[in-house]
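A.B. asks: sharing a model prediction with you, sequence too.
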Protein chains: 2
Amino acid sequence: MKEILAEVITIGDEILYGQITDTNTQWISAELDKIGVKTVRKSSVGDQRARILEILQEAESRADIIIITGGLGPTKDDLTKHILAEYFNSGLTIHQQALEDVTAFFRNRGKELTEINRKQAELPDNCTFISNKRGTAPGMWFEKNGKVFVSMPGVPHEMKAMMSDPILGKLQQYFRTPVIYHKMIKTVAIGESVLATKIEQWEDNLPSHIKLAYLPTTGQVRLRLTATGENAEILQNQVQQQIEVLKTLVTEYIYGYDEDTLETIVGNLLVSQQKTIAIAESCSVGYVTYSIGQIPGCSRYLMGSIVAYHNQAKINQLGVKAETLSAYGAVSEETAREMAENVRSVFSTSVGVASTGIAGPDGGTTEKPVGTVWIAYADETQTVAKKLQLGTDRMLTIQLTALHVLNLIRQTLGIQQ
Amino acid sequence: MKEILAEVITIGDEILYGQITDTNTQWISAELDKIGVKTVRKSSVGDQRARILEILQEAESRADIIIITGGLGPTKDDLTKHILAEYFNSGLTIHQQALEDVTAFFRNRGKELTEINRKQAELPDNCTFISNKRGTAPGMWFEKNGKVFVSMPGVPHEMKAMMSDPILGKLQQYFRTPVIYHKMIKTVAIGESVLATKIEQWEDNLPSHIKLAYLPTTGQVRLRLTATGENAEILQNQVQQQIEVLKTLVTEYIYGYDEDTLETIVGNLLVSQQKTIAIAESCSVGYVTYSIGQIPGCSRYLMGSIVAYHNQAKINQLGVKAETLSAYGAVSEETAREMAENVRSVFSTSVGVASTGIAGPDGGTTEKPVGTVWIAYADETQTVAKKLQLGTDRMLTIQLTALHVLNLIRQTLGIQQ
C-alpha cells in the first residue's frame, strides 16, 4: 500500500517571530498519524506572498496532503485566501452558504455584519467550502492531480472543530489510508543510553512493520512502538507480544502506558490500597506535594505536608531529633528517615515520604556536593531510604527529587499489591 | 544594512508525529529577533537521511543562518551528526574536549562512560565544537560561503544554555548585526485589553524607531520595547524616557524589568527588609512554597510551610478554629486570615501568607464556584485578605493562586519600603 504523506504549513508572522506558541501543528500531525497519514514536513512562513507561494509549490512536490492553517483573518495582513486563489488560478466569488454562516455568526452575537467580514464569505471558485461552526473564516478544500490542499483558520478551537469534522473523515475516504497502531511504554529512573543497551537485542529483533522510538523527557524515557498494517486487532496483539518480551528485560523501570503519568499511577495505587499520605520536604520546597496534589481527586489520599526548609522547622514541626541533625547533618539517611516517619505520625496517615538535600547553588561540600538528596518512604511496616545524586541545576534537582519520591512510592506500594 | 535571515530546523520523528510539543523553535526565533535576525522559515523533518539532506539544501539557498536542533542523542535513530558530516563532506573524529566533557559528565554522576556515549564525542572534522555544559551531545558550528549552520541538541535546557552562550554572541560577531536595544516591562494582575486601553495614547506617540510588543503569559503581560539604531547608549536613554512616561499611567501593575520575576522581586523585598516568611497552603498544594523556594538563596527568608489539604490538618497543624471552619467554611476570608496569622506564629516568622480555595474539578457550589480562592498576608501590624475568582482549570488555578500570593506580598512590603 502506498504511503500517504502530509505536510503541515502554518502561516503568520506572529509564529515566525516567536511571539506565540504554535500548538496547531502538533495536534494536526498527531491526528493525521492516527489515520495512518505520515507527516513528512512541518513549516511556518510569514504573511508574505512570495514565501507562501514558494512553500505551496514545495509541499505539492513532496506530499499528497497539504494542510494549511492561518492567514484567513479579515485584516489586510491575512493573505492566505488570495494566494490560494492565485495558486489555483481561480477568481473569488461570494459563497452563499459561507455568507449565511458569517451573517448568522454576527446576528447570534447581536451584531451587524461589517463589510470587512462580508469579504470572508468570498471563496476561490474551485474549492469545496468547509463550514466553520466557531468563527467567521470558512475552511477550503482543493483537489489537484490526486493531491488535497486544506486551508483552515489558525485559531486552535476553530481549526480543531473543522479538522475533526469533516476533514479527517474526508481524507480517510479520499486516500483509503492504512491502519496504524501506537503504544507508548513509559519508563523512569533509567537513562536513555543504559536503557538502549539493555533492550538492544530486543529492538534489533522487532519485525519490520513495528518501529521503536525513544522519547526522553526529564528523568523519564518513553518508548513508542508503531505498527503498520491492515488490521487493528492483529497489530495490537503483535505489539502486546513485543511488550511482554520487553517486560522481561526492564520491568522495574516501566511505570505505565499511553496516558499514564507517574502522578496518576501513584494516586491510583494509594486509592486502590486505601492509603493516605503526608509529605515532609526540604530541598524540594513543596514540589513533591504539588506533584501529588495536582491530580484531581487527590483529596482521597493527600492529607497535607510540611516543608521544613530550616533545621529549626525540622525539629519543631517534624520532631527530627536535634542530635540526629548534629550527628549526621540535615542531608542524611537518618534525617530523611525521621522526617518520613514523623510526618506520617503528625498527619496520622498510612504513608509518609520525605526529601532532604542540597538543591544549590550553595551549600555543597566535598562529601555532600550540590545535588545530594536523601529521600525516604515510611509506612506501618517499614522505612526505606535512598540516596540520589542529581547534578548542579537547582530547578532540575527540585523536579527530579519529586520524580524519585513518586517512583519510590510506586515501587514500594507496587510490591505490596 | 543587509537583512540577516535565518531558518530554524527541528529534526525528530517525535515532533513530526505530534508526540511532543516543540517549544525550541519559538524560543530560538524570539532570541534571533532580539539580535535583529529575522526568521523566514521554520521547518520540522523526521529522522530520515533524505529528508534532512533536502531541508539543509533548501535552507542554505534561502537563509544566512541555519539553526538545527535535535537528532543528536546516542541512539540509532539519531542521525543528524552523520548527515551533517555527509553534507559538509567530512569524516568523524573523536574531539578531545568533547570526550573530556562527556567523560566528566558521567564521572560527576558516579558512572562509567559507555561506548555508545563515547561516540557522542565524535564530531565532523570541519566543525567548530560547542561545549554542552548540561548534557552529553556537543553542539556544532559550520561556516560555508558566508553562511553559518549551527546544530544543537533538542533537549530544551541544553539547547538554551548553548544558544545563550556562546552561539548568539558568535552570530552577532560573524554577521555584525545592527544595534538593537530591548527593554521588557513586566506587569501583573492586569489583563491585556485593559492595559492596552490605559496606555493607548502613549503607544501611539512612540517614535518610529521604538516598537512595542505585548507578550502575555499566565496572569502577566510583558511589554517589550525594541529600539533600533546605531548607538546602544542613546537607544537606552530614549527607551528609559518612554518608560518614565509609562510609569505615570500604570505604575501599580509594574513589578519589574527584564530578568526580574515576581519570585525574585519578593525575595529581594524580604531580604532588604530582613524579614522571614512562612506559608500555609491548601488548594495550591505546595505551589506557593515552590514559587518562593525555587529562588537560590531563599534560605535567608523562607522558614517553611504547611500544606493543610484536609480540614483536619488546618485544625491540627495550623490551629484554625473548628468554629471558623464550620461557621464560614474552609474557603473563606476568616479561614485564610487565621491560616496566615497562625502559620506566622507556628514558624515564628515576620510574615505569614495563606491560600485556601477550590481548585476543582469538584467541590464547587453556587455560592463558591470552582476557582474561588481566598489569600491572606499577615505581619506584626496587619492582616490583609483578598478574594480571587480564577476559573475552572485546576492547574491554572494552582498557578494563579501562587502568582496572586506573591503579588500580595509585593504590594504590602512595597508600600512599607
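C.D. replies: Alright, I've got the coordinates.
A.B. asks: for residue A:13, which non-adjacent residue is closest in space?
C.D. replies: The spatially closest residue to residue A:13, leaving aside those adjacent along the chain, is residue A:46, at 4.6 Å (CB to CB, 6 or more residues apart in numbering or on different chains). For glycine as for every other residue, the C-beta is placed from the backbone atoms N, C-alpha and C.
A.B. asks: any idea how far the one you found is from residue B:41?
C.D. replies: Residue A:46 sits 9 Å away from residue B:41, taking CB to CB, to the nearest Å as the criterion.
A.B. asks: then residue A:156?
C.D. replies: Distance check for residue A:156 against residue B:41: by CB to CB, it reads 22 Å.
A.B. asks: give me the more crowded residue out of the two.
C.D. replies: Neighbour totals were compared for residue A:156 and residue B:41, and residue B:41 leads with 23 against 13 (other CB atoms under 10 Å in any protein chain shown).
A.B. asks: quick one: that one and residue A:43 touch, right?
C.D. replies: Yes - the pair residue B:41 and residue A:43 passes the contact test of CB atoms under 8 Å, sitting 6.2 Å apart.
A.B. asks: overlap of the contact sets of the two?
C.D. replies: By CB atoms under 8 Å, 6 or more residues apart in numbering or on different chains, residue B:41 and residue A:43 have these common neighbours: residue A:55.
A.B. asks: which bits of the stretch 51-200 of chain A sit near chain B?
C.D. replies: A:51, A:55, A:58, A:184, A:192, A:193, A:194, A:196, A:197 (CB under 8 Å from any CB of the partner chain).
A.B. asks: from memory the fifth one sits against residue A:221, does it?
C.D. replies: Yes - checked against CB under 8 Å, the pair residue A:192 and residue A:221 is within contact range at 5.1 Å.
A.B. asks: joint contacts of those two?
C.D. replies: Taking CB under 8 Å, 6+ apart as the contact definition, residue A:192 and residue A:221 share the neighbouring residues residue A:214.
A.B. asks: now do the helices in the stretch 1-150 of chain A.
C.D. replies: Secondary structure of the stretch 1-150 of chain A by DSSP state H, counting those that start in this stretch: the helices cover A:13-16, A:24-34, A:49-62, A:80-87, A:96-108, A:115-118.
A.B. asks: the last one - contacts with which helices or strands?
C.D. replies: Packing partners of helix A:115-118 (3 or more CB pairs under 8 Å, 6 or more residues apart in numbering or on different chains; DSSP states H and E): helix A:96-108.
A.B. asks: now for the helix it packs on, which elements pack on it?
C.D. replies: Using 3+ CB pairs under 8 Å, 6+ apart, the elements in contact with helix A:96-108 are helix A:115-118.
A.B. asks: hang on, the earlier thing: list the contacts for the residue nearest to residue A:13?
C.D. replies: Residues near residue A:46 by CB under 8 Å, 6+ apart: A:11, A:12, A:13, A:16, B:40.
A.B. asks: kindly recompute the last result at 7 Å.
C.D. replies: The contact partners of residue A:46, taken as CB atoms under 7 Å, 6 or more residues apart in numbering or on different chains, are A:13, A:16, B:40.
A.B. asks: got phi/psi on it?
C.D. replies: With angles defined as degrees, to the nearest 10, residue A:46 shows backbone torsions of phi -80, psi -180.
A.B. asks: report pLDDT for it.
C.D. replies: Here the pLDDT value assigned to residue A:46 is 89.
A.B. asks: what do you get for residue A:117?
C.D. replies: Per the predicted model, pLDDT is 84 at residue A:117.
A.B. asks: go on, residue A:321?
C.D. replies: 97.
A.B. asks: next, give phi and psi for it.
C.D. replies: The phi and psi values for residue A:321, taken as degrees, to the nearest 10, are phi -70, psi 130.
A.B. asks: likewise residue A:305?
C.D. replies: Residue A:305 adopts backbone torsions of phi -150, psi 160, taken as degrees, to the nearest 10.
A.B. asks: look up the closest residue to it, ignoring the ones flanking it.
C.D. replies: In this structure, residue A:305 finds its nearest non-sequential neighbour in residue A:279, 3.7 Å apart by CB to CB, 6+ apart.
A.B. asks: residue A:243 now?
C.D. replies: Closest to residue A:243 by CB to CB, 6+ apart is residue A:185, at 6.4 Å.
A.B. asks: and for residue A:409?
C.D. replies: Take residue A:409 and drop its neighbours on the chain: the residue closest to it by CB to CB, 6+ apart is residue A:266, 5.1 Å away.
A.B. asks: name the SS class of the one you found, please.
C.D. replies: On the three-state scheme (DSSP: H, G, I helix; E, B strand; the rest coil), residue A:266 is labelled helix.
A.B. asks: show me what contacts it?
C.D. replies: If a contact means CB under 7 Å, 6+ apart, then residue A:266 has A:292, A:406, A:409, A:410 as its contacts.
A.B. asks: so who does residue A:16 touch?
C.D. replies: Under the criterion of CB under 7 Å, 6+ apart, the contact partners of residue A:16 comprise A:44, A:45, A:46, B:29, B:39, B:42.
A.B. asks: please go through chain A and pick out the longest helix.
C.D. replies: helix A:394-416 (DSSP state H).
A.B. asks: quick one: least confident helix or strand in chain A?
C.D. replies: The element with the least model confidence among the helices and strands of chain A, by mean pLDDT, DSSP states H and E, is helix A:13-16, at a mean of 82.
A.B. asks: buried stuff in that one?
C.D. replies: Of the residues in helix A:13-16, those with enough neighbours to count as buried (16 or more other CB atoms under 10 Å in any protein chain shown) are A:13, A:15, A:16.
A.B. asks: surely the second one touches residue A:22?
C.D. replies: What that stands for is residue A:15. Yes - at 4.9 Å, residue A:15 and residue A:22 qualify as touching, with contact defined as CB atoms under 7 Å.
A.B. asks: what touches both of the two?
C.D. replies: With CB under 7 Å, 6+ apart, residue A:15 and residue A:22 have common neighbours residue A:44.
A.B. asks: among the contacts of residue A:266, which one has the most neighbours?
C.D. replies: Ranked by neighbour count (other CB under 10 Å), these have residue A:292 at the top, with 28 neighbours.
A.B. asks: distance check, that one against residue A:409.
C.D. replies: With distances taken as CB to CB, residue A:292 is found 9 Å from residue A:409.
A.B. asks: what's the answer for residue A:361, then?
C.D. replies: In this structure, residue A:361 and residue A:409 are 29 Å apart, going by CB to CB.
A.B. asks: now residue A:109
C.D. replies: Here residue A:109 is placed at a distance of 50 Å from residue A:409 (CB to CB).
A.B. asks: ditto for residue A:128
C.D. replies: Looking at residue A:128 against residue A:409, where the rule is CB to CB, the gap reads 54 Å.
A.B. asks: with residue A:234 instead?
C.D. replies: Between residue A:234 and residue A:409 the distance, using CB to CB, works out to 37 Å.
A.B. asks: where does chain A have low pLDDT?
C.D. replies: Screening chain A residue by residue with the criterion pLDDT under 70, one finds the ranges A:1, A:416-417.
A.B. asks: show me it divided up by domain.
C.D. replies: According to automatic domain parsing, chain A comprises the domains A:4-175, A:179-257, A:262-416.
A.B. asks: so of the ones you listed, which one's packed in deepest?
C.D. replies: Burial among the domains of chain A, expressed as mean neighbours by mean count of other CB atoms under 10 Å in any protein chain shown, is greatest for domain A:262-416, which shows a mean of 21.
A.B. asks: and it, how far out from the chain's middle?
C.D. replies: Between the centre of domain A:262-416 and the centre of its host chain there is 26 Å, according to CA atoms, centre = their mean, to the nearest Å.
A.B. asks: do I have it right that the residue nearest to residue A:305 meets residue A:286?
C.D. replies: No - with contact defined as CB under 7 Å, residue A:279 and residue A:286 do not form a contacting pair (9.0 Å).
A.B. asks: thinking again about what came up before, closest one of the buried residues of helix A:13-16 to residue B:87?
C.D. replies: Within these, distances to residue B:87 taken as CB to CB reach their minimum at residue A:16, with 24.6 Å.
A.B. asks: can you tell me which helices and strands whichever strand or helix holds residue A:195 packs against?
C.D. replies: Here residue A:195, judged by DSSP states H and E, is contained in helix A:192-198. In this structure, helix A:192-198 packs against strand A:210-217, helix A:232-250, helix B:115-118, with contacts taken as 3 or more CB pairs under 7 Å, 6 or more residues apart in numbering or on different chains; DSSP states H and E.
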